[in-house]
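1. Pasted the sequence and its predicted model underneath.
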Amino acid sequence: MKVWDAFVRLAHWTLVACVGAAWFARGAPHEWLGYAALGVVVLRLAWGRLGTRYARFGQFVLGPGRTLAYARSVLERREARYLGHNPLGAWMIVALLAAVALAGVTGWLATTERYWGVEWVEELHELCADGLLGLAALHLAGVAYSSLRHRENLVRAMLTGRKAAPRPGDVFE
């Protein structure tokens, strides 16, 4: 069943490529990869408001009560399978987009005349980048857990946009 549209998948893999390459790049390539990542975040935020059903943040970002209930169900190994993003995955998307945006903005600030060479800006940029790396590791762990737990390849789903048809007990929100 088609879940994630081409734009969501392209934005996801473009961010993976930009952030991964920026981690190793220096100088102008690092800066341009950061600007590209910022551009993707802006477009993804717009698509999260205007896009297809499973792309819209209003469809998959749930409130704290429902998210905590889902987290408890994960700990008890009784969580439902979501056709789109599960509540923890949804908040991870928000956190990752925010971390990319913060890393990009602090990186840009470090290039401006006012903040060039200012230590706290450079340290904040590094902290954001390290936080982004930590969030990415948690994201990968969550993808691995959900893939194993629900017997579906979420990496393939993010490549093709397709997930297994709904099963009894699945959540369609």
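-> Cool, got the structure.

2. List the contacts of stretch 55-73.
-> The set of residues external to stretch 55-73 that reach it, using Cβ atoms under 8 Å, 6 or more residues apart in numbering, is 4-5, 7-8, 47-50, 53-54, 79-80, 82, 84-91, 93-94, 173. To be clear about C-beta, it is placed using only N, CA and C from the backbone, and glycine gets the same treatment.

3. Check the model's average confidence along that stretch for me.
-> Across stretch 55-73, the average pLDDT comes to 96.

4. Please apply the same query to stretch 17-34.
-> For stretch 17-34, the per-residue pLDDT averages 97.

5. oh, and call the first residue 198 from now on, that's how I've got it
-> I'll keep to 198 as the first residue from here, and by that count the last item is stretch 214-231.

6. Start and end of it, how far apart?
-> Terminal residues of stretch 214-231 are spaced 11 Å apart (Cα to Cα, to the nearest Å).

7. now stretch 340-359
-> Terminal residues of stretch 340-359 lie 15 Å apart, using Cα to Cα.

8. Flag every buried residue along it.
-> Going by neighbour count (16 or more other Cβ atoms under 10 Å), the buried part of stretch 340-359 is Val340, Ser343, His347, Leu351, Ala354, Met355, Gly358.

9. Distance of the first one relative to Arg359?
-> If I follow you right, that is Val340. From Val340 across to Arg359, the span is 16 Å (Cβ to Cβ, to the nearest Å).

10. Mind checking what helix or strand follows whichever strand or helix holds Gly236 in sequence?
-> Here Gly236, judged by DSSP states H and E, is contained in helix 224-247. Counting by DSSP H and E, the next helix or strand C-terminal to helix 224-247 is helix 254-257.

11. Sounds good, over and out.
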